[in-house]
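In: The sequence and its predicted three-dimensional model are supplied below.
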Amino acid sequence: MKFHKLGRTDISVSEICLGTMTWGTQNSEAEAHEQMDYAFENGVNFFDTAELYPTTPPGPDTYGRTEEHIGTWIEKSGKRKDLVLASKIAGSGRPWIREGKPISATTIHEALDASLKRLKTDYLDLYQIHWPNRGHYHFRNSWTFDASKQNRAAAEADVVEILETLAGIVKSGKVRAIGLSNETAWGTLEYIRTSEARDLPRVATIQNEYNLLYRPYDLDMAEVSHHEDIGLLAYSPLAAGLLTGKYLGGAKPEGSRGSINGDLGGRLQPLQEPAVKAYADVAKKHGLDFAQMAIAFCLTRPFMASAIIGATSMEQLKADIGAADLTLSDEVMADIAAVYRQYPMPI
């Protein structure tokens, strides 16, 4: 297992991060603990969660349950100081979370304190803004995204308020480093400009979607990552399970995320099918496990700090973590590039 520093911090994380968003719905507390035990014993020191989780599906009855399951594991295992733990504050749009209020100084304090209580810890290594108040193009919003409707003054004011609030929290010791999620190049640079101008904490990471089917990060955001030392924490490296091949031919296995969340957040639609099949054929041609190839590809990217895996079974978890031991040959990479050229954005 390789390790990377988060931004310009001294926090070192495994290149595989254990994602947790199914714990509390698809996975029981005991299953969550089994996953954490195995991951930690096999070199994964980085767990990512969010107050919103679980998301399969999300709702008021399960809100915060994932953090609670992690908290009981931390209490039982005694491994908190050996673990890099990340969580996120949710923004507007969920009426059961602070009545759907946007992220502000007040909601940051409320959210963080509640997360710390559920997680049974007095600090987080990384605290992330789950999505910006002004909106974004992620989660299939790229087809309707219109930046011209944004108010720059309001967006800038948001960044100042958020960073000033997080500065106080970092100073208090409740958070070691800060990160963004579902952000854009402009938004990320606005955080950097503001932190430099006002001597406020610097963003260390950005958590955006990245996988063989969805690669806008290769462009402007890759440049931001390179020049500003901000690593990507890639969520959905398997495109919510599409890149295992289990949904090919219209299949929806019982108990899978597709059988629960319908279209997998807009990913499960006809245009993805030929691209998924083409990538599956590359894996078959080279004798590779499809899911491991997809994750291993993410790990080749120069901007990658860690790829966030998620599993509902121990078999899946073991295969996903095993991707860290897979080196893709030049021939495999060339075949992947050829498929990407043919299907640049199928989801």
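Out: Thanks, I have it.
In: From L200, how far off is the residue lying closest to I309 once chain neighbours are set aside?
Out: Among residues not flanking I309 along the chain, D320 sits closest, at 4.1 Å (C-beta to C-beta, 6 or more residues apart in numbering). Bear in mind the C-beta positions are built from the backbone N, C-alpha and C, glycine included. Taking C-beta to C-beta, to the nearest Å as the measure, D320 falls 36 Å from L200.
In: ok, those two, which is more surrounded?
Out: When neighbours are counted by other C-beta atoms under 10 Å, D320 and L200 differ, and D320 comes out ahead with 26 against 21.
In: And for W186, the neighbour number?
Out: 14.
In: Quick test: name the residue nearest the centre of the chain.
Out: Y235 (3.4 Å; C-alpha atoms, centre = their mean).
In: Torsion angles phi and psi at that residue?
Out: When quoted as degrees, to the nearest 10, the phi and psi of Y235 stand at phi -90, psi 160.
In: which residue packs closest to it, ignoring adjacent ones?
Out: I308 (4.9 Å).
In: Can you report how many residues neighbour that neighbour?
Out: 24.
In: Next: P302.
Out: Neighbours around P302, by other C-beta under 10 Å: 9.
In: quick one: the strands in the stretch 1-150 of the chain?
Out: 3-5, 12-14, 16-19, 46-48, 84-89, 124-129 (DSSP state E, counting those that start in this stretch).
In: Where in this protein is the helix or strand with the lowest mean pLDDT?
Out: helix 257-261 (a mean of 79; mean pLDDT, DSSP states H and E).
In: what's the next secondary structure element after it?
Out: For helix 257-261, the following helix or strand on the C-terminal side (DSSP states H and E) is helix 272-285.
In: related to what we said a few turns ago, surely the residue nearest to I309 touches A291?
Out: Yes. Using C-beta atoms under 8 Å as the test, D320 is close enough to A291 to be in contact (6.5 Å).
In: Find the residues that touch each one of those two.
Out: L238 (C-beta atoms under 8 Å, 6 or more residues apart in numbering).
In: picking up where we left off before, thought the residue nearest to the centre of the chain was touching S306?
Out: No. The pair Y235 / S306 is not scored as a contact, 10.2 Å apart, by C-beta under 8 Å.
In: The longest helix anywhere in the chain packs against which elements?
Out: Ranked by residue count and defined by DSSP state H, the top helix of the chain is helix 152-172. Applying 3 or more C-beta pairs under 8 Å, 6 or more residues apart in numbering; DSSP states H and E, one finds that helix 152-172 contacts helix 105-119, strand 124-129, strand 175-181, helix 185-198.
In: how far away is the residue nearest to Y235 from Y210?
Out: I308 is 10 Å from Y210, by C-beta to C-beta.
In: go on, L18?
Out: Distance from L18 to Y210, by C-beta to C-beta: 17 Å.
In: Please apply the same query to G19.
Out: Remark: distance between G19 and Y210 (C-beta to C-beta) = 13 Å.
In: now T106
Out: Distance from T106 to Y210, by C-beta to C-beta: 32 Å.
In: out of the two, which sits in the more crowded spot?
Out: Using other C-beta under 10 Å as the criterion, T106 and Y210 rank with Y210 on top: 26 against 12.
In: Identify the contacts common to I308 and Y210.
Out: 234-237.
In: Which of the residues you listed sits closest to T49?
Out: Of all those, T49 sits closest to Y235, with 11.8 Å by C-beta to C-beta.
In: Give me the pLDDT value at the closest one.
Out: pLDDT recorded at Y235 is 98.
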